[in-house]
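1. Need a 3D model of the following:
(one chain, ligands or ions: 1)
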Amino acid sequence: MQGLMQDWQLTCDRVITHAKINHPDREIISRQVSGAITRTTYGEVYDRARLLSSALVKRGIKLGDRVGTMAWNNARHLEVWYGLLGIAAIYHTLNPRLFPQQLKYIANHAGDRMIFTDLTFVPTLEAVQDDLTSVETFVIMCDRDEMPKTRLRNAICYEDLIAEGDGDVRWGDFDENTACGLCYTSGTTGNPKGVLYSHRSNMLMGMTAAMGGAMNVTGSDVCLMVVPMFHANAWALAFTAPMVGMKMVMPGPFMDGKSIYELLEGEKCTFSAAVPTVWLMLLNYLEENKKKLPHLDRVLIGGSACPRAIMETFDKDYGVQVIHAWGMTETSPLGTVSHIEPEIADLPYEEQLSYRLKQGKPPLIVEMKIVDDDGNDLPRDGVVSGVLKVRGPAISKAYFGGEGGEILDAGGWFDTGDVASIDPLGFMQITDRSKDVIKSGGEWISSIDLENAAMDHPSAAECAVIGLPHPKWDERPLLIVVLKAGKKAKAKDFTKFLIGKIAKWWMPDDVVFVDELPHGPTGKVSKLELREQFKGYKLPTA
Ligand code: ADP
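-> Next up, the predicted model:
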């Protein structure tokens, strides 16, 4: 027997329509490329997204077409997403930090028909446009008086394109499994692979992210959306925020400590989400300038492991709760969230912190398990670690264009490429990416744990650990440190500091100091590049 409920397809155009009807005057604040701050509302974003949709239809954009965006977080970028998905065209976020070669590969592989770009990236696109075979038109997301002289093919000012529209367009009215957005993983191995979100997966993830056990947001929150829209589906915030009607603050290209602080304070933000690097810059700025954060209530940290120092400093010095989350492009992206649940609520601070620093528990729509190399399920004892696999309605079942072939096992599980343990309370902890794990004497050393322990050293600004070849042990850890400005330290200071904080045999065989670490396109330390840099490096123990 079938239920007698209505057929109401979960298509994402409904999100901005809902915001238009129920939260029309709630603001969206953008820092533009020029540095100027502009304000709009959900009501206006809806109206302009519809104008854009109708203009796109007139220009022949239709269901299933891919359209690239190379843009910062700003209200226009949001309008473009909704303008596209309303007519079942597909927003394809291009990460501007990619190398030109990768950028060309991705845009061609996706078959982007148009590219919307912020002023910042006009030169980047001019340099590669001859190799972008499918792109017919470039749209520059700026005011008319900012329109640059450009060689970009059929370049048009965003405002002129909007003016071509009349808003008379049909939105929605297609199957909820229709493709909605496309985001390529950074492709640390092989070519980047396209993750193709559906309307249904975005709706489910948007709602999931809002839940109490996840970001825990409502219309009373003000969200500083630092995580770029080109990073892993903007961590669902482009859907979650209008769903609950929270005011959105978009930092544009300015993610340094001072700029982030100004927006947090100026707009009285209560919630924010970003990778650890951003928070490190903010915390340094706050410390140096003796500032406080009276409005900020909680921050979501993900993308790479949250260092203990960040969580503790937010807790103790600023009264801001850190929510640690794990996810990946393929998981839409929220996979797990670490919350203070009743079982850990009354634990002494240090003990509680050890749980909060784990990656946490999955929401309803994510199933999770760890397996050994032969695919056998491993126990949830918090000790054994294995390959982390996930399953759910907002998790990839294949890559765009069939790239990479079959990616699920016989049970429908997706291999995350992460190595993790799960404790008896259900908290998952990432010990490493399978390709970063250090194999020493047949045992595994977690580079993440080592990095976190080293990051607690008061002079450390950023740390990374990689495995280097060793004649006896196969691989041994090398600790690479960037010191805080004005600080001095020797290798011995770090090894001494680590005694008692890590297993004895995990002790790095050497510590080197560098001015900066290489970062990948999503702001994470690039281990690939580090391994390349230290290729011939000989450990003193080798
Ligand atoms: P990429 O970094 O390859 O572009 P993603 O942005 O999708 O791809 O990153 C996903 C990966 O980032 C995860 O598989 C995991 O290794 C890492 N990651 C994400 N969040 C966390 C976290 N909270 N702790 C540790 N690792 C994390």
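2. residues in the stretch 251-400 of the chain within reach of the ligand, list them.
-> Residues of the stretch 251-400 of the chain lying close to the ligand (C-beta under 6 Å from any ligand atom) are Gly302, Gly303, Ser304, Ala305, His324, Ala325, Trp326, Gly327, Met328, Thr329, Gln359. The C-beta positions use only the backbone N, C-alpha and C, and glycine is treated the same way.
3. give me that answer again for 8 Å
-> Residues of the stretch 251-400 of the chain lying close to the ligand (C-beta under 8 Å from any ligand atom) are 301-306, 324-331, 333, 335, 359.
4. would you say Pro96 is within a strand?
-> No - counting by DSSP: H, G, I helix; E, B strand; the rest coil, Pro96 falls outside a strand, being coil.
5. doesn't Pro123 make contact with it?
-> No - the pair Pro96 / Pro123 is not scored as a contact, 11.0 Å apart, by C-beta atoms under 8 Å.
6. Which of these two has more residues huddled nearby?
-> Set Pro96 next to Pro123 and count neighbours by other C-beta atoms under 10 Å: Pro96 wins out with 19 against 12.
7. now that one: how far from Pro540?
-> Applying C-beta to C-beta, to the nearest Å, the value for Pro96 to Pro540 is 40 Å.
8. which residues are in contact with the helix or strand of the chain with the lowest mean pLDDT?
-> Using mean pLDDT, DSSP states H and E, strand 443-445 stands out as the lowest-scoring helix or strand of the chain, at a mean of 84. With contacts defined as C-beta atoms under 8 Å, 6 or more residues apart in numbering, strand 443-445 is touched by Ser385, Val419, Thr431, Asp432, Val437, Ile438, Lys439, Gly467, Pro477, Trp505, Trp506.
9. Next, the contact list for the residue lying closest to Thr185 once chain neighbours are set aside, please.
-> Excluding the flanking residues, the one nearest Thr185 by C-beta to C-beta, 6 or more residues apart in numbering is Thr329, at 4.7 Å. Applying C-beta under 8 Å, 6+ apart, we find Thr329 in contact with Cys183, Tyr184, Thr185, Val195, Ala232, Asn233.
10. One more: Val337?
-> Shown in contact with Val337 (C-beta under 8 Å, 6+ apart): Gly213, Ala214, Met215, Ile323, His324, Ala325, Trp326, Gly360, Lys361, Pro363.
11. how much space between the residue in the stretch 1-150 of the chain that the ligand sits nearest to and Val67?
-> Nearest residue of the stretch 1-150 of the chain to the ligand: Asn95, at 8.3 Å (C-beta to the nearest ligand atom). Asn95 sits 16 Å away from Val67, taking C-beta to C-beta as the criterion.
12. between those two, who's got more neighbours?
-> Under the criterion of other C-beta under 10 Å, the comparison of Asn95 against Val67 puts Val67 first, with 24 against 19.
13. Is that one bridged to anything, and to what?
-> Per DSSP bridges, the residues bridged to Val67 are Tyr91, Met114.
14. longest helix of this structure?
-> Determined from DSSP state H, the single longest helix within the chain is helix 42-58.
15. Give me the buried stretch members for that helix, please.
-> Residues 42-57 are the ones in helix 42-58 that count as buried (16 or more other C-beta atoms under 10 Å).
16. helices or strands up against that helix?
-> Under the contact definition 3 or more C-beta pairs under 8 Å, 6 or more residues apart in numbering; DSSP states H and E, helix 42-58 sits against helix 13-22, helix 75-86, helix 158-163.
17. sorry, back to before: the contacts of Thr329 in strands, which ones?
-> Residues of these located in strands (DSSP state E): Cys183, Tyr184, Val195.
18. Kindly reformat those as a markdown table containing neighbour count and distance to Asp7.
-> Shown next, in a markdown table, are the ones in strands among the contacts of Thr329 (neighbours: other C-beta atoms under 10 Å; distance: C-beta to C-beta, whole Å):
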| residue | neighbour count | distance to Asp7 |
| --- | --- | --- |
| Cys183 | 27 | 29 |
| Tyr184 | 28 | 33 |
| Val195 | 24 | 28 |
